[in-house]
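Participant: Model the following, please.
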Amino acid sequence: MKKLMTVALSCIVCVSAFAGSAGFQASLTPDIAVQDRTTEIKGVSIGVWNENPSPEFQWQLGFVNGTTGDSVGVQWFIFLPTFYNYAESHTGLQWGWVNYASESLTGVQLGLVNITGTLTGLQWGAVNVCQDLTGLQLGLVNYAKLSTSGVQIGLVNIIEDNEWFSDFPTDLAKGMVFVNWGF
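Facilitator: Predicted coordinates for the structure are as follows:
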């Protein structure tokens, strides 16, 4: 078993050297990894918990995937959703049980719970939450603080600052069943 671990680690180091210092990451945690957690990865990250900046495309394959700053790429575990994906501003795909982009997401979030600041794209899950919706939310419960150009389809749909219904009997329609929109 010790020989197998040594060979596996040697292969990871060789692949990392071959791909360049920022082309490959293998990690157990952000601090136990081939590359330092501040190294920009422009390639593939494989691990239990990945966290590196990725201003250019990065494919993260792990149980927990994270990025710092502006990131571009795919956060996903092979053929299965990731347990938890997180980013500051992300462009691309987050596919996991829980997806979180603190500032913005341009692209797609697929999961049970999807949360972001500004959404430009699609959230598809049981619970979808965003501050500013430009795109589509599909889920059981959809919430947006405001919508500049968006549609919600689900069981409970709430756009808190919905200009479309601002004078409809005393702001009655900020929440709708099945479909809600704001343009």
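Participant: CA only for contacts and neighbour counts going forward, please
Facilitator: Will do.
Participant: Verify the stated contact: Val127 with Asn114.
Facilitator: Yes. Counting by CA atoms under 8 Å, Val127 does reach Asn114; the two are 6.3 Å apart.
Participant: quick one: low-confidence ranges for the protein?
Facilitator: Applying pLDDT under 70 to the chain picks out residues 1-22, 162-177, 180-183.
Participant: Show the contacting residues for the residue nearest the centre of it.
Facilitator: The chain has Gln94 as the residue nearest its centroid, 3.5 Å off, counting by CA atoms, centre = their mean. Gln94 makes contacts with Val74, Gln75, Trp76, Asn85, Val108, Gln109, Leu110, as judged by CA atoms under 8 Å, 6 or more residues apart in numbering.
Participant: Would you agree the first one is in contact with Gln60?
Facilitator: If I follow you right, that is Val74. Yes. Using CA under 8 Å, Val74 is in contact with Gln60, at 6.1 Å.
Participant: More neighbours: which of Val127 and Asn114?
Facilitator: Set Val127 next to Asn114 and count neighbours by other CA atoms under 10 Å: Asn114 wins out with 28 against 21.
Participant: Just grab the bridge partners of the more buried one for me.
Facilitator: Beta-bridge partners for Asn114, by DSSP bridges, are Asn99, Asn128.
Participant: who's in contact with it?
Facilitator: Val98, Asn99, Tyr100, Gln123, Trp124, Gly125, Val127, Asn128, Val129.
Participant: Also Gly73?
Facilitator: Ser54, Glu56, Phe57, Gln58, Trp59, Gln60, His90, Thr91, Gly92, Leu93.
Participant: picking that back up, list buried residues within the contacts of Gln94.
Facilitator: Neighbour counting with 16 or more other CA atoms under 10 Å marks Val74, Gln75, Trp76, Asn85, Val108, Gln109, Leu110 as buried within the contacts of Gln94.
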